[in-house]
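Novice: here are the coordinates; sequence isn't available:
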């Protein structure tokens, strides 16, 4: 019975591709698809980076791309994201998504702080853009398909997700026979498999970030993180759910010693508070910022010219394929937006990227220059 079910599953996936359907939410990074084809059902993902490198922006982009694919291909992909925000408020998360949409569809690069008029009033034009049908429809889609929860401990999260599974599918049991401690034959139902009402629905369990999780009663932080990872393995195996966890790298990956040894990229050993989560994941994605180490070049990229916009993306762990795949990306942190950098030997394309970056930097430099002159004028008076 199990063999026949697997054969049927494999045949269905083959037919999906032949008929133009999808077996994953495609990765936005075309050159990286050999290493990371996209988000697959029943896979467990871990995103990691050192503090202030962009792990929240990268994980946000991870989700935004999934939402975009589901929005534009709703005949092939449905999505539900259960978001457990341990670090940020729901309002800030939604504002970041607004910034992403404003850049993607209107080329307006603005941060959540600027959008919320932290220091000066945001242009009314920007707020009117949020009413544009292209952006408004996606914000409505976000509200319908992203579910925020206040649960902060692993057991609470697991129960929340299991409740959704039981209400949106059917658990199939099989009879198991065994002898109890007194030698009596006992027949008991055992979980066999799960049949979702919608097999094309991708259910993501998103946690940002693991070190902020509420400890289970009687457990240390490390034990609690391991419990959360254990639940992630169980839910992906039973229900085909997709855990996407963010975990910080320890400070040692940003140390002078790491720079001297050329070990500035994220590693399993560098995971903060609990390294054993890496044993459970299907794919661990790392992000590093060579510019923070004042490097002129890294992985053959002109880091000095690309400045703080360049990042290196890497597959640190891959249970089902090649590891250590590396991709240069440009990060626009304000909008949680990423793009592949050209290959490091494509000088013409890199020159265009540098020109784009210079145009971004120029207004900021002019503002700083104006403030400096104003300060000098004040001092000299």
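Specialist: Structure's in. What do you need? Quick caveat: nothing in here was measured; it's all calculated off a predicted structure.
Novice: Show the end-to-end separation of stretch 286-293, please.
Specialist: Between the start and the finish of stretch 286-293 there is a gap of 17 Å, counting by CA to CA, to the nearest Å.
Novice: Tell me how far it lies from the chain's centre.
Specialist: Taking CA atoms, centre = their mean, to the nearest Å, one finds stretch 286-293 lying 17 Å from the centre of the chain it belongs to.
Novice: Could you pull out the strands in the stretch 151-300 of the chain for me?
Specialist: 169-179, 185-196, 201-208, 242-248, 283-288 (DSSP state E, counting those that start in this stretch).
Novice: out of the ones you listed, which comes closest to residue 70?
Specialist: Taking CB to CB as the measure, those were each checked against residue 70, and strand 201-208 came out nearest at 7.3 Å. No exception for glycine: its C-beta is placed from N, CA and C like everyone else's.
Novice: one step back: any idea which of the strands of the stretch 151-300 of the chain gets closest to residue 98?
Specialist: In terms of CB to CB, the element of those nearest to residue 98 is strand 201-208, at 17.7 Å.
Novice: Tell me which other helices or strands the closest one touches.
Specialist: helix 55-72, strand 78-85, helix 154-167, helix 221-239, strand 242-248 (3 or more CB pairs under 8 Å, 6 or more residues apart in numbering; DSSP states H and E).
Novice: Tell me which of these is the most buried.
Specialist: Ranked by mean neighbour count under mean count of other CB atoms under 10 Å, the helices and strands packed on strand 201-208 are led by strand 242-248, which reaches a mean of 25.
Novice: Show me what that one is packed against.
Specialist: Taking 3+ CB pairs under 8 Å, 6+ apart as the contact cut, strand 242-248 packs with strand 45-49, helix 55-72, strand 201-208, helix 221-239.
Novice: Rebuild the ones you listed as a markdown table, extending it with mean pLDDT and distance to residue 25.
Specialist: Formatted as a markdown table, the entries for the helices and strands packed on strand 242-248 read as follows, by pLDDT from 0 to 100; distance: least, CB to CB, whole Å:
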| stretch | mean pLDDT | distance to residue 25 |
| --- | --- | --- |
| strand 45-49 | 97 | 11 |
| helix 55-72 | 96 | 5 |
| strand 201-208 | 96 | 6 |
| helix 221-239 | 97 | 15 |
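Novice: Same list, those, but as JSON lines with distance to residue 306 please.
Specialist: Rendered in JSON lines, the data for the helices and strands packed on strand 242-248 read as follows (distance: least, CB to CB, whole Å):
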{"stretch": "strand 45-49", "distance to residue 306": "17"}
{"stretch": "helix 55-72", "distance to residue 306": "16"}
{"stretch": "strand 201-208", "distance to residue 306": "26"}
{"stretch": "helix 221-239", "distance to residue 306": "34"}
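Novice: tell me the contacts of residue 67?
Specialist: By CB atoms under 8 Å, 6 or more residues apart in numbering, the contact set of residue 67 is 79, 81, 138, 141-142, 145-146.
Novice: Go through those and give me the one with the most neighbours.
Specialist: For those, neighbours were counted by other CB atoms under 10 Å; the highest total belongs to residue 79, with 24 neighbours.
Novice: and that one, what does it touch?
Specialist: Counting by CB under 8 Å, 6+ apart, residue 79 makes contact with 25, 66-67, 70, 145, 201-204.
Novice: cutoff 10 Å now
Specialist: Remark: with contacts taken as CB atoms under 10 Å, 6 or more residues apart in numbering, residue 79 is in contact with 25, 39, 63, 66-71, 141, 144-146, 200-204, 242.
Novice: again, but for residue 274
Specialist: Contact analysis of residue 274 by CB under 10 Å, 6+ apart lists 210-211, 220-226, 228-229, 247.
Novice: pLDDT wise, what is it at?
Specialist: The pLDDT attached to residue 274 in the predicted structure is 95.
Novice: And residue 331, by the same measure?
Specialist: In this prediction, residue 331 carries a pLDDT score of 97.
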